[in-house]
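> Requesting a structural model of the entry that follows:
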Amino acid sequence: MAQKLTIKDIAEMANTSKTTVSFYLNGRTDKMSKDTYERIKKVIDITNFVPNRLARSLNLKNSNLIGVLIGDITNVFSNQIVKGIEEMASKNGYQIIVGNSNYSPATEEKYIDRMLQMGVDGFIIQPTTNFVKISSKIARSNKPMVFFDSKLYDKENNWVKTNNFDAVYNAINSCIDRGYEDFYLIAADPSMLSTRLERSQGFIDALNNRGLTYKNLVIEDNVTEIEEIRKFFNSNIDLNKNSLIFVPNCWALQNVRTALQDYMKYSPKVGLLGFDNTEWTNFTNPSISTIVQPAYDEGKETARILIDLIKNDDEKLHQHILDCHVNWNDSTDLKI
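From the prediction side, this is the model:
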């Protein structure tokens, strides 16, 4: 029934004009009132409306397009994910459309709406913890989706991720065995992504199980104030003890390393452990230890699963965990 509706029908149901509905469908909403926007959105959500110009491609059941939604496209991890997805998609005759949500639920929804209008065959998504509402919209469209890096805990879904909790838990235990006594967590709000929560919990549980505590500095996403971090170190690091700083967010590691500059001459007594960033962490002085994700393989596996779901309409759940490895370097090479 949704495909039989026209823009005129939507306009009448939303008590507005066809032109205004057309503006909404094409993303031209900057001059639209919030009330009008919400009325149109509500009608489209209820009817699961698809514009007629795309109905023909949907009737063909296949557009050979895959929608990819990423939290932050600027880091190397995301670049490798996309590269893996692209290779697998291309081998199977698909093209990808990539969106950057910047971890914003509102931006996530806008991208999903636009990709649905474009008639993508399925979705590969790095979801925030607020994605449940949007995932229901995708489910109503009968489009398969596979999550990567993060997952939703409140429902069954398809996902590919890495063993974040275990990787961090084991790495921190190794650092304790190396002789570290004081611990510091410099991280963004963990409630935004399941990945962040797993990494933070792996750190906390490893310390708790060994009867150790830690100090924490919460930083804002991609707005890392170096001076604020430097002040935190100056107020807390005790050079009479072996201290380990853990940075679970790959985008924050370089700024933390800069803020820690005055203390790097004491390395590895003042140790630093991060995630990924091997394109530069191997070449600093001292070189920095990081937990490394198999991002390229994660992208390929995610695309493989989605394409299989598209082609075979498989109802079986696909949930894969890939192993990280630790790239041990000078920054944690403490001899006890």
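> Which helix or strand lies directly C-terminal to the helix-or-strand element of the chain with minimal mean pLDDT?
Every helix and strand of the chain was ranked by mean pLDDT, DSSP states H and E. The lowest is helix 52-59, at a mean of 50. Later in the chain than helix 52-59, the nearest helix or strand by DSSP states H and E is strand 65-70.
> who are the neighbours of that following strand, in terms of helices and strands?
helix 76-91, strand 95-100, helix 105-118, strand 122-125, helix 295-312 (3 or more CB pairs under 8 Å, 6 or more residues apart in numbering; DSSP states H and E). C-beta: built from backbone N, CA, C; applies to glycine.
> which residues touch the third one?
The contact list for helix 105-118 (CB atoms under 8 Å, 6 or more residues apart in numbering) reads 25, 27, 44, 50-51, 54, 63, 65, 67, 69, 97, 99-101, 123, 127-128, 130-131, 133-134, 137-138, 141, 143.
> Out of those, which end up buried?
Among those, those buried by neighbour count (16 or more other CB atoms under 10 Å) are 25, 44, 50-51, 54, 63, 65, 67, 69, 99-101, 123, 127-128, 130-131, 134, 137-138, 141, 143.
> before we move on, the earlier item: let me have the helices and strands packed on strand 65-70 in CSV, extended by distance to residue 5.
Listed next are the helices and strands packed on strand 65-70 as CSV, based on distance: least, CB to CB, whole Å:
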stretch, distance to residue 5
helix 76-91, 31
strand 95-100, 24
helix 105-118, 14
strand 122-125, 23
helix 295-312, 25
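> residue ranges with poor pLDDT in the stretch 101-250 of the chain?
153-155, 222-224 (pLDDT under 70).
> Tell me which stretches of it form strands.
Taking DSSP state E, counting those that start in this stretch as the test, the strands found in the stretch 101-250 of the chain are 122-125, 145-148, 158-162, 182-188, 215-219, 243-246.
> Residues touching the last one, excluding its own?
So that's strand 243-246. Against strand 243-246 from outside (CB under 8 Å, 6+ apart): 168, 172, 175, 180-187, 203, 233, 237, 256, 260, 269-274, 332.
> To residue 219, which of the helices and strands packed on strand 65-70 lies closest?
Nearest to residue 219 among those is helix 76-91; the distance by CB to CB comes to 17.7 Å.
> relative to strand 65-70, how tilted is the closest one?
Relative orientation of helix 76-91 versus strand 65-70 (axes from the mean of the first three to the mean of the last three CA atoms, to 10 degrees): 170 degrees.
> Extract the C-alpha set from helix 76-91 and format it as CSV.
What follows is helix 76-91, C-alpha atoms only, in CSV (Å, rounded to 0.1, in the frame of the first residue of the first chain):
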residue,chain,number,x,y,z
VAL,A,76,42.1,5.3,10.0
PHE,A,77,40.0,2.6,11.5
SER,A,78,36.9,3.9,9.6
ASN,A,79,39.0,4.2,6.4
GLN,A,80,40.0,0.6,6.7
ILE,A,81,36.5,-0.5,7.4
VAL,A,82,35.2,1.2,4.3
LYS,A,83,38.0,-0.2,2.2
GLY,A,84,37.1,-3.7,3.3
ILE,A,85,33.4,-3.1,2.6
GLU,A,86,34.1,-1.6,-0.8
GLU,A,87,36.3,-4.5,-1.9
MET,A,88,33.7,-7.1,-1.0
ALA,A,89,30.8,-5.0,-2.4
SER,A,90,32.7,-4.4,-5.7
LYS,A,91,33.4,-8.1,-6.1
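> Excluding chain neighbours, what is closest to residue 175?
residue 244 (5.2 Å; CB to CB, 6 or more residues apart in numbering).
> Tell me the bridge partners for the one you found.
residue 183, residue 271 (DSSP bridges).
> And the pLDDT at residue 72?
On pLDDT, residue 72 comes in at 87.
> so is it in a helix, a strand, or just coil?
Classification of residue 72 by DSSP: H, G, I helix; E, B strand; the rest coil places it in coil.
> Run a quick check on it versus residue 103, I expect a contact.
Yes: in this structure, residue 72 is within contact of residue 103 by CB atoms under 8 Å, at 7.0 Å.
> overlap in contacts of these two?
What both residue 72 and residue 103 touch, as defined by CB under 8 Å, 6+ apart, is the set residue 221.
> Looking at these two, which has the bigger crowd around it?
residue 103 (22 against 17; other CB atoms under 10 Å).
> thinking again about what came up before, the residue nearest to residue 175 and residue 263, how far apart?
12 Å (CB to CB, to the nearest Å).
> out of these two, which sits in the more crowded spot?
residue 244 (27 against 19).
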